[in-house]
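>>> coords please:
(chains A and B)
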Amino acid sequence: MYGYTGKMLFVNLTTGELEDKHIPEQWYRDFIGGPALGARILYEYMPAKCDVFGEDSMVGFISGPFNGSNFFCGGRYSVVSKSPVYNGWNDASSGGDFGPSIKAAGYDGVFVKGISPKPVYIFIDSGKAEIRDAEKYWGLTSVEFEKALAADLGCKYSASYIGPGGERMSPMACVLNDYSRAAGRGGTGAVIGSKKLKGVVCTGRLPIQIADKAGLTALNKSIAEFLKDHPMLANMRTAGSSGAFLPNLMSGDTCVKNYSVSLEETGKTVQDFERIGAPKLSDEYKTESYSCAACPMRCGAEVQVREGKYKTDENSKVARPEYESLGWFGPGIMNEDPEVVITCNHLCDQYGLDTISTGGTLGWVFECFNNGVLTKEELDGIEPFWGDGDAAVELTKKICDMEGCGKILAQGSSKAADYYGKGHEYLFVASGMEIAAHDPRRAPGYIRTYQLDPSPGRHVKGGLAKANDRMTRELRYNYRITGYHDVQETCVTEYINASGLCVFTARVFPGTSIYDAYKYVTGNEMNKRDLRFFGIRAFTMRHAFNLREGLRREDFTITDRMAGRPPLKGGPTKGITLDEVRLGDNFYNAIGYYQDGTPYLDMLEITGGLECVINDLYPPEEKK
Amino acid sequence: MKVLVKFFVFDLPPGFADAELELPEGSVVKDVLDACLDLLEQRNVTMDVNELKTATVMVNNKWSDADDPVADGDTVSIIRPMDGG
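A predicted model of the protein is given here:
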């Protein structure tokens, strides 16, 4: 089979059994890889409604066909599991080198169930897997773990693993690789920690069969030629996603004061935050660039703070914060000091915590404190006045160590509000998930995605927001015909995520190149019709996992503030209130679901590949 | 009259320089955007016309609509955010 190894590794940590499993070839064709194929596999092998931290709960590390193919920007892999935040479907993806490494080690994915009695890791070398003791690695931060592992293995490897955040089962725990790359969202790190699994370590150089290698090489060449003069390439190489910070802050996209006001209302200007964005952040702190596997963009960078109280360890790899982290650790708490942002971001990377959820929780704490809802006593003596960077660092350290109030805050803002019994009015969450630094009041499509994507609160699931940016202001807030664009953009993003592409760069590639590449790698066609069927199938498979858990539309909630209730009093989104119900209705109509979120039977039948969902939703006796 | 145009556009190359544009009296924001299209062409930079026309615009740090007037000495900021990622 071209583009795949055709083999999955299934591991039971309770019994210590490892099994090479060959899933049906049709599943690869129907679901491609990544979150979509992961959802199909978990739907088959993980019992419904099981305890997220129980023995039956499964977690998957899964590649896509572009991983290891050398197609440009095809280096992302996904982790899949049930989420401890909202007890529903979770997928999150990450770049770096791990995706291609799973395949070079001989597998398309690794699926783990059971609970080990002691810390272990899964080691895979060229098609041979074993469970190894990880006692000595338990408790180590990402840099400590990677250094210790490199010294012990003495060979080139790539690992996907958790930090202390996952080991302590924080619902904000992410899954790390390459020191600071993270499949950040939804708390899969906690699920891995509950299994006493430190991670999966891969080594090997097994080749992947490519259907048309010459075609793929020629395509890469044409993309390289196209990108040579494209402004995006220069921008990404210089600034990475930090290049988005100032435009997004000015446009009303960024989370100013925990999304409570516009920048204009704070009395600050974009110039006050200039050092956090491009080019100053890179000019002052960047030491070198790096890239994910097979990526010509090189948008990643390492930084160092060379002096002062936030001086970084020269021997530690410190990542330049991405846009979302800049937003939350910057204007999200009104901090103007880039060194505070770098420090908070690095702490999260070290401890394996999602920077968006951690930053979003800090935003909530700051607002609660400044409005007299949380007290100094409840925060272990810390007084997080708006803009106090030292307080932000202290609170982040406490969250990382799960010490004092940090133990409560490490559960995320929603659970912290429940614990304290207050502050719910300041939450900016979707089904309990803090959201990224993209304001739905600027691009209304985000609110449908944040609320109704099977993994709620995500900014990388496509949808109408992608189309919003090409609309005039009048069209953007006109909800009459949003469904078509919403489904169309969702389908494209489902394909990008499943195939292992980078959501940043894939949309810049010329013409139909990302679909042509699928044919060159796998030998299978991906035309417009195929794309729409695939996208709907992929979304529905992830959605069906939630339906089987008993989750319905009303279980997917957003807080009122997210929809502009009450509306902002200034800035570019002044006075905006969103109609998230209508946006959801339009999406469900266009994709082929009833308003409660149940897919139509005929849609499931026409789409194909969803017989398992049909059997559960429309059992044969009911169909009659 | 002359206006200073500043670009906060993610898709433009880093360091894409500010520009002083000469416009006729009575020009409005959308005229500035049209002039920017010519500027981009002169500088050999490709950008989707629709993306520029749907940009957020601030005149002297105040949010502005396409038909709002601009005056001699104004600073016009063109803002295009990045979504996702």
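
>>> Buried residues in stretch A:425-443, which are they?
For stretch A:425-443, burial by neighbour count (16 or more other Cβ atoms under 10 Å in any protein chain shown) applies to A:426-443. Where C-beta positions appear, they are placed from N, C-alpha and C, glycine not excepted.

>>> can you give me how far that stretch is from the chain middle?
Mean-position distance between stretch A:425-443 and its chain equals 15 Å (Cα atoms, centre = their mean, to the nearest Å).

>>> How about stretch A:489-502?
13 Å.

>>> about what we covered before: out of the buried residues of stretch A:425-443, who's near chain B?
Restricting these to those within reach of chain B (Cβ under 8 Å from any Cβ of the partner chain) leaves A:438, A:442-443.

>>> Turn the residues you listed into CSV, columns for distance to A:Trp364.
Shown next, in CSV, are those (distance: Cβ to Cβ, whole Å):
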residue, distance to A:Trp364
A:His438, 17
A:Arg442, 20
A:Ala443, 22
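
>>> can you confirm A:Asn90 is in a strand?
Yes: counting by DSSP: H, G, I helix; E, B strand; the rest coil, A:Asn90 is part of a strand.

>>> pLDDT wise, what is it at?
A:Asn90 is assigned 98 on the pLDDT scale.

>>> for chain A, what are the nearby residues on chain B?
So chain B meets chain A at B:8-16, B:44-48, B:50-51, B:53-54, B:56, B:58, B:61, B:63, B:65, B:77, B:79-85 (Cβ under 8 Å from any Cβ).

>>> Mind checking which of these are buried?
Taking 16+ other Cβ under 10 Å as the criterion, what is buried in the residues of chain B next to chain A is B:8-13, B:16, B:45, B:47, B:54, B:56, B:58, B:63, B:77, B:79-85.

>>> Just the ones of those residues in strands?
Among these, the members falling in strands (DSSP state E) are B:8-9, B:56, B:58, B:63, B:77, B:79-80.

>>> could I get these as TSV with pLDDT?
Output for those, formatted as TSV (pLDDT from 0 to 100):
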residue	pLDDT
B:Phe8	83
B:Val9	80
B:Thr56	81
B:Met58	85
B:Trp63	79
B:Ser77	90
B:Ile79	85
B:Arg80	82
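
>>> count of residues packed around the closest residue to chain B within the stretch 51-200 of chain A?
Nearest residue of the stretch 51-200 of chain A to chain B: A:Gly95, at 10.8 Å (Cβ to the nearest Cβ). Neighbour count for A:Gly95, taken as other Cβ atoms under 10 Å in any protein chain shown: 24.

>>> Roughly how far does the nearest residue to it once chain neighbours are set aside sit from A:Cys299?
Nearest residue to A:Gly95, sequence neighbours excluded (Cβ to Cβ, 6 or more residues apart in numbering or on different chains): A:Cys292, at 3.6 Å. Counting by Cβ to Cβ, to the nearest Å, the gap from A:Cys292 to A:Cys299 is 8 Å.

>>> Please say which of these two ends up with more neighbours.
A:Cys299 (27 against 24).

>>> What residue in chain A comes nearest to chain B?
For chain A, Cβ to the nearest Cβ, closest residue to chain B: A:Ala244, 3.6 Å.

>>> Help me confirm that A:Ser316 comes into contact with A:Val143.
Yes: if you go by Cβ atoms under 8 Å, A:Ser316 and A:Val143 touch, sitting 5.1 Å apart.

>>> ok, now which ones touch the residue in chain B positioned nearest to chain A?
Closest residue of chain B to chain A, Cβ to the nearest Cβ: B:Met82 (3.6 Å). Shown in contact with B:Met82 (Cβ atoms under 8 Å, 6 or more residues apart in numbering or on different chains): A:241, A:243-244, A:247-248, A:323, B:10-11.

>>> Who wins on neighbours among those residues?
Highest neighbour count within the contacts of B:Met82: A:Ala244, with 33 neighbours (other Cβ under 10 Å).

>>> which SS state does A:Val79 fall under?
Reduced to three states with three-state DSSP, the structure at A:Val79 is strand.

>>> how about it, what does it touch?
Shown in contact with A:Val79 (Cβ under 8 Å, 6+ apart): A:59-62, A:91-94, A:160, A:175, A:183, A:188.

>>> just B:Val9 next, same as before
A:247, B:16, B:47, B:55, B:78-80.

>>> same for the helix or strand of chain B with the lowest mean pLDDT, what does it pack against?
Within chain B, no helix or strand scores below helix B:49-53, which has a mean of 78 by mean pLDDT, DSSP states H and E. If you count contacts as 3 or more Cβ pairs under 8 Å, 6 or more residues apart in numbering or on different chains; DSSP states H and E, helix B:49-53 packs onto helix B:29-42, strand B:75-80.

>>> All good on my end, thank you.
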